[in-house]
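> next come a sequence and a model predicted from it.
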Amino acid sequence: LSEPAPTITFLSDYGLEDEYVGVCHAVIARRCPRAQVIDLAHGIPAGDVRAGAIVLRGALPFAPAGVHLAVVDPGVGGTRRAVAIGAGGRDGESHLLVGPDNGLLMPAAERLGGVNDAVALDASPERLQPVSSTFHGRDIFAPVAAALAAGAALADVGEPLGPSALVALELPVATAGPDGLAAHVVHRDRFGNLILDATAEQLHEQGIAPGAAVRVAAGAAVHAGRHGAAFADVPPGELVLYRDGLGMVALAVNGGSAHARLGLERGDELTLAPAQRQ
Amino acid sequence: LSEPAPTITFLSDYGLEDEYVGVCHAVIARRCPRAQVIDLAHGIPAGDVRAGAIVLRGALPFAPAGVHLAVVDPGVGGTRRAVAIGAGGRDGESHLLVGPDNGLLMPAAERLGGVNDAVALDASPERLQPVSSTFHGRDIFAPVAAALAAGAALADVGEPLGPSALVALELPVATAGPDGLAAHVVHRDRFGNLILDATAEQLHEQGIAPGAAVRVAAGAAVHAGRHGAAFADVPPGELVLYRDGLGMVALAVNGGSAHARLGLERGDELTLAPAQRQ
Amino acid sequence: LSEPAPTITFLSDYGLEDEYVGVCHAVIARRCPRAQVIDLAHGIPAGDVRAGAIVLRGALPFAPAGVHLAVVDPGVGGTRRAVAIGAGGRDGESHLLVGPDNGLLMPAAERLGGVNDAVALDASPERLQPVSSTFHGRDIFAPVAAALAAGAALADVGEPLGPSALVALELPVATAGPDGLAAHVVHRDRFGNLILDATAEQLHEQGIAPGAAVRVAAGAAVHAGRHGAAFADVPPGELVLYRDGLGMVALAVNGGSAHARLGLERGDELTLAPAQRQ
């Protein structure tokens, strides 16, 4: 009986224009030829640890148990640690996350059931030597992820580290104010949809019910929208506030681009309120 | 003796900047770890069902028999059906196409030998629940494709549907007029080549023979080109009309960009005629 | 005991917007379903054989022994040959490179240990017929690479060719001048880092020591930088000259973009000198 191939999910801000992702795949294939690598996303904005953490947290619950390699690493070559983290408990599945100790992995580890144990990889026996100071994806993270996929234990690839030593990450959250829910654009996707740092619970607390008309204020402009479930819940060309695939609140224009309509970029603030509120 | 891994080809307009494609891969790997996923293209212009249908029709004859997942789905969450289609006959190969019932799959199904049977997936036992209203790629199409790759029959994944109930798709076609063949730009590729909605037969009917000089009229501008087989059939910097890899007529500039030369975008019209015609 | 799947690395200038890469994957899967394809990079600038050669040379030493498919092919359909090359010796590993005979494969073949033997593929029994004149990636290179991965010998896929018949490639190199080391931008990556055609040895010859201050002259502008190993070796926002992951000298701005700071594009010249030199 042949065992299923071990899987390694891979998320980064390397983009796909350059060879960085491909070289990491090559390194993995040398160390663990059986591993199946699943590219989750490589278009995280360069150096944006929080955007990477949000996508990783949203995507990993859909992935098989296994190894998860994630690299958004503006501090590469500096003093930040390289780590591998054991997480799990949810559904009895066990996960191993590998990446920089800058908070990138933590929201996903929490979502998967919490951190169980961790090791520091900076002197890992699995690292490629000489280790460069600018490409730890290739020289540390990918070979360690491959070793774990091949069956190595955490203790085989690094030095034990107390989970409390791991760097935490503060994610942006929308806040309730006098004019409504002040939220921020976390991400603009290919379709021009704007993903916000607000939750469905926060909409509920604001009295923004499913189906209700919504007031979206951004700078001096005010836009009319509706809280729906699907794009088609509003007429073509109109603004809909919905819960996106990763569970975040998002804004779309049915058949169009909310980005183009609202003129908002990542990081910009907007205020959501029921339409009747003035 | 180990059987070859089942294959799933995957085409979409999700792009590769966001995590949408990666999450679908993750869902497939959970349901059918043995499946080998072949990404055909994810850069179909957002919501352009016809562009997606043309690429799918051209690409699938080069793919192994198996499951074909395709998602260009501007009507997601609305009233359009989700379907899986059995197609084949050509070369005795059997194909299963999975995607929205908006015509996207139909030209490919025809090219592969025609529709044999179909099922509606909207209440598929394989769907991920709760099904979102904005990401059926993840919640319906990917898990159904994975189930079919794992050996499920069409009848296992949906409700039978008469092939005549499937939504057809009208593809753009060049038309002969008094000034020549009026064609449209279907796609502009990375090299600046312009793929047209014209066929080699239509060129022949216009008297545009291989090797002949061609008159290309676009708006007020008229360009001189040549009907060739290879880019190198014209001198560097000159315009060549050729049959592209998917069998469509296309325009290129040898060593340059037909897009930049002609200033044409997707959807724009141009007229092709033998050079001697005034 | 099951053998590990054969690997095919794949580099091209096809980009990932169109279906060209995906169709090559499909062709490989039909011919050699067991093959594992590793996409090294598909964002090589269109038609830039030298840029492709530099990336291939830098990336292949990290890849498993096996078949390496590379297509940057501005002369497709013209008189250039299609070739497969046996290379190796380094570490006792054996490599087979497949692509156009325009020099693209040669620096990598040298780096892997030198050319051992070669065959011309233009009449390969493995090619897909009819062979198009514009897409040899699909019609010649991918099926030949797949056949080799499936175990075919070089002699099975083409006509023997003396290694001396292969087209060589002149790569750009920085040159020492009175004002310092005159280098060129070979590539700008996603992070805005500028990869140069200079080597660490050349910096040493100029007296640019690790840790030393560097003078970077580009056109009329002069910038101050430092020779470091990691981005963090300079304060945020400052310019660092470093050895990049592929072994080339590169310029970065810590936490920023050297491309934006210096306003340089691929091909532009700049001069590197110790800061004390006037």
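That came through fine. From a predicted model like this one, the values you see are computed outputs, not experimental measurements.
> which stretches of the stretch 151-278 of chain A form helices?
A:154-157, A:200-205, A:258-262 (DSSP state H, counting those that start in this stretch).
> who in chain A is up against chain C?
A:2, A:13-23, A:25-27, A:29-30, A:33-34, A:46-47, A:74-79, A:132-135, A:138 (C-beta under 8 Å from any C-beta of the partner chain). In this view, the C-beta of every residue, glycine as well, is placed from N, C-alpha and C.
> identify the residues contacting the residue in the stretch 151-278 of chain A positioned nearest to chain B.
Proximity of the stretch 151-278 of chain A to chain B (C-beta to the nearest C-beta) peaks at A:Ala230, 2.5 Å away. With contacts defined as C-beta atoms under 8 Å, 6 or more residues apart in numbering or on different chains, A:Ala230 is in contact with A:240, A:242, B:76-78, B:133-134.
> what about burial for those residues, which qualify?
A:240, A:242, B:76-77, B:133-134 (16 or more other C-beta atoms under 10 Å in any protein chain shown).
> with respect to C:Val167, which of those is nearest?
Ranked by distance to C:Val167 (C-beta to C-beta), the buried ones among the contacts of A:Ala230 are led by B:Val76 at 50.0 Å.
> without its sequence neighbours, what residue ends up closest to the closest one?
B:His136 (5.2 Å; C-beta to C-beta, 6 or more residues apart in numbering or on different chains).
> can you check A:Asp117 too?
That would be A:Gly86: by C-beta to C-beta, 6+ apart, it lies 4.6 Å from A:Asp117.
> just the element for the one you found, please.
A:Gly86 is part of strand A:82-88 when elements are defined by DSSP states H and E.
> flag every residue of the stretch 1-150 of chain A that's near chain B.
A:2, A:4-5, A:7, A:9, A:11, A:16, A:36, A:38-43, A:55, A:58-59, A:62-64.
> can you mark which positions in stretch A:233-253 are buried?
So stretch A:233-253, judged by 16+ other C-beta under 10 Å, has buried residues A:233-234, A:238-246, A:248-253.
> did I read that right, A:Leu148 in a helix?
Yes. Assignment of A:Leu148 by DSSP: H, G, I helix; E, B strand; the rest coil places it within a helix.
> doesn't A:Gly228 make contact with A:Val234?
Yes. Between A:Val234 and A:Gly228 there is a contact under C-beta atoms under 8 Å: 5.9 Å.
> between the two, what contacts are shared?
A:Val240.
> so for stretch A:204-223, mean pLDDT?
For stretch A:204-223, mean pLDDT is 94.
> one step back: among the residues of the stretch 1-150 of chain A next to chain B, name the ones in helices.
Counted as lying in helices by DSSP state H, out of the residues of the stretch 1-150 of chain A next to chain B, are A:55, A:58-59.
> let me know the closest of those to chain C.
Closest approach between those and chain C, by C-beta to the nearest C-beta: A:Val55, at 16.7 Å.
> list the contacts of the residue lying closest to the closest one once chain neighbours are set aside.
Leaving aside its chain neighbours, A:Val55 sits nearest to B:Glu19 (5.1 Å; criterion: C-beta to C-beta, 6+ apart). With contact taken as C-beta under 8 Å, 6+ apart, B:Glu19 is in contact with A:11, A:40-41, A:55, A:58-59, A:246.
> try 6 Å
Residues counted as contacts of B:Glu19 (C-beta atoms under 6 Å, 6 or more residues apart in numbering or on different chains) are A:40-41, A:55, A:59.
> Serialize the residues you listed to TSV and add fields for neighbour count.
Shown next, in TSV, are those (neighbours: other C-beta atoms under 10 Å in any protein chain shown):
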residue	neighbour count
A:Leu40	26
A:Ala41	24
A:Val55	28
A:Ala59	26
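> count the residues that sit near the residue nearest to A:Asp117.
Residues lying near A:Gly86 (other C-beta atoms under 10 Å in any protein chain shown) number 19.
> please apply the same query to A:Leu128.
18.
> just A:Gly211 next, same as before
So A:Gly211, with other C-beta under 10 Å, has 10 neighbours.
> same check on the one 5 residues further on?
Using other C-beta under 10 Å, A:Val216 has 24 other residues around it.
> contact partners for A:Phe231?
A:252, A:254, B:77.
> quick one: pLDDT of the second one?
If you check A:Asn254, the pLDDT there is 95.
> wait, it sits on A:Asp233?
No. A:Asn254 is not in contact with A:Asp233 according to C-beta atoms under 6 Å; the separation is 8.0 Å.
> hmm, which of the residues of chain A next to chain C are the buried ones?
A:13-23, A:25-27, A:29-30, A:33-34, A:46-47, A:74-77, A:132-135, A:138.
> neighbours of the closest residue to A:Pro210 other than its chain neighbours, how many?
Closest residue to A:Pro210 apart from its sequence neighbours, by C-beta to C-beta, 6+ apart: A:His227 at 5.6 Å. The number of residues packed around A:His227, counting by other C-beta under 10 Å, is 23.
> what's across from A:His227 in the sheet?
A:Leu241 (DSSP bridges).
> quick one: contacts for it?
A:His227 neighbours (C-beta under 6 Å, 6+ apart): A:208, A:210, A:212, A:214, A:241.
> looking at those, which one is closest to C:Glu159?
A:Leu241 (64.6 Å).
> ok so, going back, parallel or antiparallel, list what pairs with the strand holding A:Gly86.
Here, using DSSP bridges, strand A:82-88 pairs with strand A:94-100 (antiparallel), strand A:115-120 (antiparallel).
> will you turn those strands into CSV that also has mean pLDDT?
Output for the strands paired with strand A:82-88, formatted as CSV (pLDDT from 0 to 100):
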stretch, mean pLDDT
strand A:94-100, 97
strand A:115-120, 97
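> can you check which of the ones you listed gets nearest to A:Ala200?
strand A:94-100 (25.5 Å).
> mind listing what's buried in the next helix or strand along the chain from the closest one?
Downstream of strand A:94-100, the first helix or strand assigned by DSSP H and E is helix A:106-111. Buried residues in helix A:106-111, counted by 16+ other C-beta under 10 Å: A:106-109, A:111.
> can you name the residue of chain A nearest to chain C?
A:Gly77 (2.5 Å).
> and that residue, which of the three is it?
coil.
> and it, what does it touch?
A:133-134, C:230-232.
> let's see it at 7 Å
A:133-134, C:229-232 (C-beta atoms under 7 Å, 6 or more residues apart in numbering or on different chains).
> which members of the residues of chain A next to chain C occur in helices, if any?
Per DSSP H, those map to helices at A:20-23, A:25-27, A:29-30.
> gap between the residue nearest the centre of chain A and C:Pro274?
For chain A, A:Val55 is the residue whose C-alpha lies nearest the centre (C-alpha atoms, centre = their mean; 2.1 Å). Distance, A:Val55 to C:Pro274, by C-beta to C-beta, to the nearest Å: 44 Å.
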